[in-house]
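> quick one: sequence plus predicted model below, questions after.
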Amino acid sequence: MNLDSMLFFNNSGFAHLEWGNMIMILIGIIFIYLAITKDYEPLLLVPIGFGILIGNIPPIEGMSLSVYDQGSVLSYLYFGVMKGIYPPLIFLGIGAMTDFSTMLSNPKLILLGAAAQIGIFLTFLGSLVLGFSPAQAGAIGIIGGADGPTAIFLSSMLAPDLLGPIAIAAYSYMALVPVIQPPIMYLFTSREERLIRMKAPREVSRKEKIIFPIVGFLICALIAPGSMTLLGMLFFGNLLKESTVTERLAKTARNALIDIVTILLGFSVGASTQAQTFLTPKSMLIFGLGALSFVVATTGGVLFAKFMNLFLKEKINPLIGAAGVSAVPDSARVVQMVGQKEDPENFLLMHAMAPNVAGVIGSAIAAGVMWSVLGKF
């Protein structure tokens, strides 16, 4: 090999490629495969998966290329993740596409969204026991809410050093909702319970729909001021939708804006997974804790629904408790799927949307509480 060939090789990615990079590239390909062939959250896994490929091309000395190189193009894209800019914009779009009618028509189902947040706080305690700092434990615990934007927002405030693994864990478990939740739902419910049919929700007036985002924001923000950014954008987006006089803005928020931000967020998060900083024992522990958090959250929602039935004349189908995690609308769809396997004429989707959207609010409030309390540590 002559000098020019050696120089060319030494300035290529092949010369610096490590086993860790190859493992992460394989993981990125698996994400893309699952998104395309299994339809697991393709809008998230395709950008994240391709971002992982880009993030694990070894950089050349003297060239600013990666998200961690100051002044690089990717670092500017990653700035929105690192400073928590993208998550509120995602919440704006979610608010503009969310219908809170079912939740308003049956307010007791809000309790299921609250119950599912138990996964967050138990994982927080478990993380403390395993030696993480209080701030890091809070950021890890929020994975149990199955809410990627909230997990990114809180970790950017409390534990920016763990932002990469927390973001990947949160979005991975969101994508795997159809795989993780059904076994838990079958384990903790009987066939008789899964067959329970619920009354159709009452019709909610336009006035109620307009008042709710205003009053809901004021109550939630006063309870947990740290949730103001996320919930402010969520309820603002919902007001754009329900007022019916800003339909053009609502349409932009729920379509073009949320699509653009999802691309940037997913791609940037994926690009941050350099093997040298990502494949560490601490990252693997975060993945394990995240999985446990998600399982506990799902279990908590289902068991609390069964507990509520002890006091209710009109029983609720405990399957909808699993939708208390805030993976909207995937958890609600899983509830519908499991329910219709038992009874094809049983339509649980609209009922499941109540705890589902309540879970979004609940996880944001939990994040706000943790930020306000743990931000001092």
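Cool, the structure landed.

> all contacts plus neighbour counts: C-alpha atoms, from now on.
Noted.

> helix, strand, or coil at F347?
With DSSP: H, G, I helix; E, B strand; the rest coil as the basis, F347 sits in coil.

> centre-most residue in this structure?
In the chain, the centroid-proximal residue (CA atoms, centre = their mean) is D147; its distance is 2.0 Å.

> show me the contacts for that one.
If you count contacts by CA atoms under 8 Å, 6 or more residues apart in numbering, D147 has them with 170-171, 174, 325-327, 360, 363.

> most neighbours out of these, which is it?
The most neighbours of any of the contacts of D147, using other CA atoms under 10 Å, belong to V325, which has 38 neighbours.

> what residues are up against it?
Per CA under 8 Å, 6+ apart, neighbours of V325: 113, 116-117, 144-147, 297-298, 301, 331, 355-356, 359-360.

> name the element the spatially closest residue to F121 that is not a sequence neighbour belongs to?
Leaving aside its chain neighbours, F121 sits nearest to G141 (6.3 Å; criterion: CA to CA, 6 or more residues apart in numbering). Assessed by DSSP states H and E, G141 sits inside helix 134-141.

> what's in contact with that helix?
Outside helix 134-141, the residues within contact range by CA under 8 Å, 6+ apart are 119-125, 127-128, 151, 154-155, 158-159, 162, 166, 286, 289-290, 293, 370, 374-375, 377.

> likewise stretch 238-257?
Under the contact criterion CA under 8 Å, 6+ apart, stretch 238-257 has outside partners 89, 92-99, 206, 209-210, 213-214, 237.

> stretch 328-337 now?
177-178, 181-182, 319-320, 322-325, 347-350, 352-353, 356-357, 360.

> so after the longest helix seen in the chain, what's the next helix or strand?
Scanning the chain for the longest helix, with DSSP state H as the assignment, gives helix 281-309. Remark: after helix 281-309, the chain's next helix or strand is helix 330-342, criterion DSSP H and E.

> list the buried ones in that following helix?
Going by neighbour count (16 or more other CA atoms under 10 Å), the buried part of helix 330-342 is 330-340.

> redo the residues you listed as JSON lines? Include pLDDT and distance to F307.
Shown next, in JSON lines, are the buried residues of helix 330-342 (pLDDT from 0 to 100; distance: CA to CA, whole Å):
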{"residue": "D330", "pLDDT": "86", "distance to F307": "24"}
{"residue": "S331", "pLDDT": "90", "distance to F307": "20"}
{"residue": "A332", "pLDDT": "92", "distance to F307": "20"}
{"residue": "R333", "pLDDT": "92", "distance to F307": "23"}
{"residue": "V334", "pLDDT": "94", "distance to F307": "21"}
{"residue": "V335", "pLDDT": "95", "distance to F307": "18"}
{"residue": "Q336", "pLDDT": "95", "distance to F307": "21"}
{"residue": "M337", "pLDDT": "94", "distance to F307": "23"}
{"residue": "V338", "pLDDT": "95", "distance to F307": "20"}
{"residue": "G339", "pLDDT": "94", "distance to F307": "19"}
{"residue": "Q340", "pLDDT": "94", "distance to F307": "23"}
